[in-house]
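In: Sequence below, structure please.
(chains A, B and C, ligands or ions: 3)
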Amino acid sequence: MKMPLTFMLNNQQTTLEIDARQTLLEVLRNQGGMTSVHRSCEEGECGACTVLLNDEPVNACLVLAASVQGASVLTSEGLVKNGKPHPLMKAFTDELGIQCGFCTPGMLMNAYALINRAGDNLLTDQVIRKTLEGNLCRCTGYVNIIKSVHTAQKAKLAGEWW
Amino acid sequence: MPDNSAGNNAMENSVMKNFIGSRAMPDLVYHSPKEISDLLSMVDAHGTSARVVAGCTDFIPSVRTGRWCFDQELNLIDISKMPVLNQIEKTDDVLKIGASVSLTRILESPEIKEGCPVLAQAVAQMASLQVRNTATMGGNICMASPAADTVPPLLVSDAWVIIQDAQGEHKVLLTDFFKGPGRSVLTSGQVLTHICIPVKKANEAAWFQKIGTRTAVIISVVSAAVRVTISNGVCDTARIALGSVAPTPVRVAEAEQFLEGKPLDDQVIAECARMAAQAISPISDLRSSKEYRKDVARTLVKRSILACREALK
Amino acid sequence: MKKREERLILGKGQYADDLEFFNMAHLVFVGSPHAHAKIVSIDIEKALALPGVITVITGKEVAAHTRPLPVQANFTSKGWTWRLADVYAIPADKVRWHGEPVAAVVAEDEETARRAADLVEVAYEVLPLAGDLRTALAPGAPKVYDDWEDNKQVHLVFDFGDPEKAFDMADQVLQVTNREGRVTGVPIEPRGCVGMYDTKNDTLEMWGSFQTPFLSRHNIAATLGVPEAKVKINAVDIGGAFGLKIHAWKENVVALASKLTGRPVKWMEPHRDFMATGPHQRDVFWDGKIAFKNDGTLLGLKATVFHDLGVESTNKGIAALSIFPACSSPTNMYKWVGMHVEGIGTVTNKSFYCAYRGYGKDKGIKFIEAAINQVAKKLHMTPEAIRMKNFIQPHEFPYHQINNYVLDSGDYPAVLNKAMEMADLAFFRKRKKALAGQGRYLGIGLVTAIEPAGVAVPNCQMGGITEARVLITPDGSVEVHSDRTEIGQGVEISHATIVADILGMDMAHIHVKRVTSDFIGQGPLSSRGAVYPASAVAKAAKLLRKKVVQCAGSLMKIPADQVVLEKGFLYPASAPEKKISYAQFADKMFFFPGPRGLDPEILKAHDHLLDVTTTWYSPTTPESGSSYTSFCVSADIAVVELDIDTGVTQIVKYVHVHDAGTIINAQVVDGQIQGGIVQGIGEALYEGLNYDENGQLMNTSFSNYLIPTSVEAPDIQIAHLETPSPFSETGSKGMGEAPIIGAKAVILDAIEDALSEFGIRVNDAPATPEKVRKWIRQASGQNE
Ligand SMILES: Cc1cc2nc3c(=O)[nH]c(=O)nc-3n(C[C@H](O)[C@H](O)[C@H](O)COP(=O)(O)OP(=O)(O)OC[C@H]3O[C@@H](n4cnc5c(N)ncnc54)[C@H](O)[C@@H]3O)c2cc1C
Ligand code: FES
Ligand code: FES
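Out: Residues are numbered from 1 along each chain as shown, chains lettered A, B, ... in the order given. Ligands and ions are numbered 1, 2, ... in the order given. Okay, here's the model as predicted:
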């Protein structure tokens, strides 16, 4: 069934023509042009497709696009401001929390929500590890990813954040 | 997740001929009711072509893997946007949780932390944050997987569910809900709307443990929940439930009865755990052998009772 | 400067799944639900009738329009058993493993193709199964390839040094067995590509997750029967490879589909396909005897390693080839008198075997490390003492090992000493004793390894070919081309660093180009990136530098050796203020070179053209026959705690000390180490591909093929030593595979140590909680 879908995509009111059987992952990639939302398992296991739905991380492959009517969706493209990388992105580059880059956008979104939730509380390794358990990475061994999240939180506490 | 138990819908066609890495979604008409009355009339009107979903975290993988095939257009009724089903209410005696409450909300709810902490303990060990943000306990129960992690805590808590249909509301004890892997008492036209749990009392403690081949984001090889109440140093009531050891999550009555009326000393606990493991006859599957399941069930029961004893000190 | 990383982080990556072409069609494979069956008939009518379906390709079309997949390694000449099969990308007669493609549906969109895939009706006649090594080798076993005598594909026999003498000299001989389960490297991104056949020019161009574009071009062109010159293969951003994206196989069908439909065709492999029909690895069983003296001196080994290769279909000979390094690598980093090693490879009804980080050299080392730790136990020696006794010493390099390897450099004792210091070995040994009384089980593992890197072997496509081009463009920036595809291992950073250092230029102006089949080379495999392509790039840059200083000297009227290249400028050593930028210089060289500016001799020799293409080959391989050029060194120490009632292993501490020669970029090297270690831990504890009695693969998703998550991955402490390799152009050694070797071995060793009270030999990976409990139950005589 074809239907119109109106939602906030990366802070912009967006209307797309979708089919009710499409997942949010397909719609974001194919109609929305957000190719940073990566597709691997399509079954919720890898986290490569993680986006924020109303500020909370979800696997876009397990969300029906029709169900995000009126909601807000943020992908890693939405973190970029005036072409500049978000401080979180900069932390991942600086600490080399990225190798092949396939898990990275999903990792960024989960970490972004985590750092925002944490407020002034310094994140521990343990909390970061537990939070990112649904984002599989086969390249980095996670060490530099954990470091990147710490660095990013410091940037946030220093006031560099959006 | 939907790898080792069968589906629960009349429309399913389980003959899987071709190996296909990821299957297409069926044709769908999407419905998003707001009120219970709308929901019930939709479910009723669409009959066997209707399917109620909440978080879709079991629904979509089941379609992708071909476990569920639909040869007609599906009327998908999404209850996740229903405010009436998205509430956690607590009275002095009962916690009432709506079917579309997400696992994350269960984990974070002060009412549940107070009224049924063992449930929060189980939910904390389920899936990943992304999945918990959309998945529901209603979905976990309705899926009727033997490995459903919310079920053992609910069983030991003497929980019941509220099912609604055109005829009205039905209260079903969770012990009576499951019929087999992927099968429950739910019939077409029925919706599980609430889960109700008696509130934890002062003299009781409960504990949940699960074991899988990996620590994180793992389907249970065995899960165990225990609840005991104590008065005058002896166990009053005991509830022991195990997951992934039988076609449905089960309670082990003999082991429970053995514990009741006895002090929780090491010997009693060890014997009770042995009896619990004795009572089950699990199968071997891709996740584990039956020997390991029996073996580790005993350890989990023992450790859970010990943890309860510790908490009651 | 991390241009690539910044681009990817901004969401500007272009992976295979992101490719879009005008009028593009989509291809989906239909796989066999049976592991071994005759294809009786295929009915595609229902699939074709679905609106949006363009065509369905079956084995018949593939046989009609393509040639069998080309042979990639062939050692029949040596008198060894080495069988090859005549197979096509899609079979027409019978299927040989669960998931093997029987048809490919091409449709307007992917969802339609997926739907149609379910409508293809295939009638099978199920055949008896050669489902595992034992069954496959039994007399009268069902044959995977009907025209073979039996299922044995390879049998290699090696004698290194003097094995008989070694055993004659021995005080003791110990029998050791080891099993490694079947695993897969499975990057998060599956395989994918777009094929575009241009019917006007009869050319084919493909874009996708090609780890080795030059080899893929050869194999695809050969299969399609088109001249290689008419085929171009482009690697796009690749979401991890680890060896699993080397071969070209399903890609042939994508190319054919494009040729038949005249449209660009895209195939993006679903993850479950990648698991079931992707390359697998390990699945070996070692049975050997190690000879030694009572003082701990190691003497020799006699061993056989059995490989369960799965089918021999997709990259013919490459599975068999991995048995060579498996047989050669047990020498590791010690002195020996002699070894006799046999390698047997058997085909079975399982998915095929190809490269995954290690490719065989890991297997011999893991086996010998376990064996040496057994010897140490037998002799009541510590694991470090037996190693110190047998290590090749720093003054002995280059060392000619009994298996012809020429070990380049290193300080093995120093690496181990550093690791022991960091791990605080003495403390943990005490702690283990202290906890033992409290029902807690601590285990300490210790292994050391070298990693043979930079492969060049004859009789196969891994012969050591490589090509690099470095040029300065007229605007003064630099282009770097090589065959080293970026698969997440930091190629751009490394190459840009090397070239920037040599040319005295800012890294921002160095552009490391995407790899295409235009440059000759076997690509990044067997950790050759830092050896072959990086050496070729460094060599090209050095030759280019020579041209630059020659021309600049001529221009500035000073001797060439007086020209300084620094931070993007060129100037006379004596007069820094007379500096010119590379942009000014290049402009002059390209467009206004003379005659007044430059020496006519330079012009005659065309040396003002700032473009160098060169190649590089190992200085040791030609004469020694050593297939590898560099040997990095590592020591791993792990402390684990075992929950003996559940069998769960927890990693308490992990230390890794590494010497990979000159470090080009420490962050990149650390990243490789951390990633490799966690993969090794996955193999040691969780990862396993298991086929059931019907030959069905049971682990086709991340929910049951369990790779470590951030929760299981430990914190890793790393230290580096830097002993340059005398043989590579930069002093660097290949190191991409070492961490996975040590990690797997050390975790198993630590578990064995934790279980020492039970006398359990941990020789069957993965050591899942279930298996650990089974061992404990067996050791303590319990049944239930
Ligand atoms: C990566 C991953 C990890 C997971 N890990 C775990 C785990 O650790 N433990 C575990 O137990 N599960 C796990 N699951 C399974 C799944 O997430 C849970 O079962 C979840 O609670 C299902 O809820 P849902 O709302 O998403 O269900 P849905 O997918 O929406 O529905 C599931 C089924 O229940 C029916 N249904 C749902 N709600 C109702 C209702 N109110 N009335 C009638 N029928 C209804 C649907 O028709 C459908 O058949 C995992 C899943 C994934 C993808
Ligand atoms: S693609 Fe969505 S979780 Fe893997
Ligand atoms: S960087 Fe490759 S998967 Fe994480």
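In: What distance do you get for the residue nearest to the spatial centre of chain A to ligand 1?
Out: The geometric centre of chain A, computed from its C-alpha atoms, lies nearest to A:Met109 (C-alpha atoms, centre = their mean), at 2.5 Å. Separation of A:Met109 from ligand 1 (C-beta to the nearest ligand atom, to the nearest Å): 16 Å. Where you see a C-beta, it was placed from the backbone N, CA and C, and this is true even at glycine.
In: Pretty sure that residue sits in a helix.
Out: Yes: A:Met109 forms part of a helix when assessed by DSSP: H, G, I helix; E, B strand; the rest coil.
In: what pLDDT does the residue lying closest to C:Asn690 once chain neighbours are set aside get?
Out: With C-beta to C-beta, 6 or more residues apart in numbering or on different chains as the criterion, C:Asn690 has its nearest non-adjacent residue at 5.0 Å, and that residue is C:Met698. The confidence metric pLDDT takes the value 96 at C:Met698.
In: what sits against C:Met698?
Out: By C-beta atoms under 8 Å, 6 or more residues apart in numbering or on different chains, the contact set of C:Met698 is B:286, C:690-692, C:704.
In: Compute the distance between it and C:Arg182, please.
Out: As for C:Met698, its distance to C:Arg182 is 11 Å (criterion: C-beta to C-beta, to the nearest Å).
In: ditto for A:Tyr142
Out: Taken as C-beta to C-beta, the span from A:Tyr142 to C:Arg182 is 25 Å.
In: between those two, which one's more packed in?
Out: More neighbours surround A:Tyr142 than the other of A:Tyr142 and C:Arg182, with 31 against 22 (other C-beta atoms under 10 Å in any protein chain shown).
In: Can you verify my assumption that the more buried one contacts C:Glu712?
Out: No: when contacts are counted by C-beta atoms under 8 Å, A:Tyr142 is not listed as touching C:Glu712 (9.3 Å).
In: domain assignment for the chain?
Out: Looking at chain A here, since you left the chain open. Listed domain ranges for chain A are A:2-77, A:79-157 (source: automatic domain parsing).
In: other chain: chain C
Out: In the recorded assignment (automatic domain parsing), chain C comprises C:393-450+C:628-784, C:468-616.
In: ok, then the element right after the longest helix seen in chain C?
Out: Using DSSP state H, we find that the single longest helix of chain C is helix C:532-556. Proceeding N to C from helix C:532-556, the next assigned helix or strand is strand C:563-566, under DSSP states H and E.
In: right, and the helix or strand after that next one?
Out: strand C:569-572.
In: and that next one, what does it pack onto?
Out: Contacting strand C:569-572 under the criterion 3 or more C-beta pairs under 8 Å, 6 or more residues apart in numbering or on different chains; DSSP states H and E are the following elements: helix C:532-556, strand C:563-566, strand C:580-581, helix C:582-591.
In: Out of those, the one nearest ligand 3 is which?
Out: helix C:532-556 (20.6 Å; C-beta to the nearest ligand atom).
In: What number of residues are in the vicinity of the residue of chain A found nearest chain B?
Out: Among the residues of chain A, A:Gly134 lies closest to chain B, at 2.4 Å counting by C-beta to the nearest C-beta. The tally of other residues near A:Gly134 (other C-beta under 10 Å) stands at 26.
In: confidence score at the spatially closest residue to it that is not a sequence neighbour?
Out: Nearest in space to A:Gly134, with sequence neighbours left out and distances taken as C-beta to C-beta, 6+ apart, is B:Ser128 at 2.4 Å. With respect to pLDDT, B:Ser128 scores 98.
In: Likewise for A:Ile98?
Out: We note a pLDDT of 98 for A:Ile98 in this prediction.
In: before we move on, what about the one 3 residues further on?
Out: In this prediction, A:Gly101 carries a pLDDT score of 98.
In: about what we covered before: what are the phi and psi values at the spatially closest residue to the residue nearest to the centre of chain A that is not a sequence neighbour?
Out: With C-beta to C-beta, 6+ apart as the measure, A:Thr50 is the residue that lies nearest to A:Met109, at 4.8 Å, once sequence neighbours are left out. As for A:Thr50, its main-chain torsions (degrees, to the nearest 10) stand at phi -60, psi 130.
In: Please, a PyMOL command that selects the buried ones among the contacts of C:Met698?
Out: Applied in PyMOL, the following selects the buried portion of the contacts of C:Met698 according to 16 or more other C-beta atoms under 10 Å in any protein chain shown:
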select buried, chain C and resi 691+704
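In: Sitting in helices, which of the contacts of C:Met698 do you find?
Out: Nothing among these maps onto helices, per DSSP H.
In: between the contacts of C:Met698, which is nearest ligand 1?
Out: C:Asn704 (11.3 Å).
In: Thought B:Leu286 was touching that closest one, still the case?
Out: Yes: if you go by C-beta under 8 Å, C:Asn704 and B:Leu286 touch, sitting 5.8 Å apart.
In: And the longest helix of chain C, what does it pack against?
Out: Under the contact criterion of 3+ C-beta pairs under 8 Å, 6+ apart, helix C:532-556 touches strand C:468-472, helix C:491-503, strand C:563-566, strand C:569-572, helix C:582-591, helix C:600-604, strand C:611-614.
In: do that again at 6 Å, thanks
Out: With contacts taken as 3 or more C-beta pairs under 6 Å, 6 or more residues apart in numbering or on different chains; DSSP states H and E, helix C:532-556 sits against strand C:468-472, helix C:491-503, strand C:563-566, strand C:611-614.
In: List the contacts of the longest one.
Out: Put plainly, it is helix C:491-503. Contacts of helix C:491-503 with the rest of the structure, by C-beta atoms under 6 Å, 6 or more residues apart in numbering or on different chains, involve C:4, C:480, C:484, C:507, C:510, C:512, C:537-538, C:541-542, C:545, C:565, C:664-665, C:668.
In: For ligand 2, state which of those residues is nearest.
Out: Using C-beta to the nearest ligand atom, C:Arg4 comes nearest to ligand 2 of the contacts of helix C:491-503, at 23.1 Å.
In: burial measure for that closest one, as a count.
Out: 22.
In: That one: which element?
Out: With elements delineated by DSSP H and E, C:Arg4 resides in helix C:3-9, which encompasses its position.
In: So the helix or strand just after that helix, near chain B or not?
Out: Counting by DSSP H and E, the element after helix C:3-9 in chain order, helix or strand, is strand C:25-31. Yes: against chain B, strand C:25-31 shows contacts by C-beta under 6 Å from any C-beta of the partner chain at C:30-31.
In: pLDDT averaged over strand C:25-31 - what is it?
Out: Strand C:25-31 comes out at a mean pLDDT of 98.
In: Beyond it, next helix or strand please.
Out: As assigned by DSSP H and E, the chain's next helix or strand after strand C:25-31 is strand C:37-43.
In: circling back to that earlier point, right, so of the helices and strands packed on strand C:569-572, which gets closest to ligand 2?
Out: Proximity of the helices and strands packed on strand C:569-572 to ligand 2 was assessed by C-beta to the nearest ligand atom; the nearest stretch is helix C:532-556, lying at 32.4 Å.
In: circling back: and the residue of chain A closest to chain B, backbone torsions?
Out: Backbone geometry at A:Gly134, expressed as degrees, to the nearest 10, gives phi -90, psi 10.
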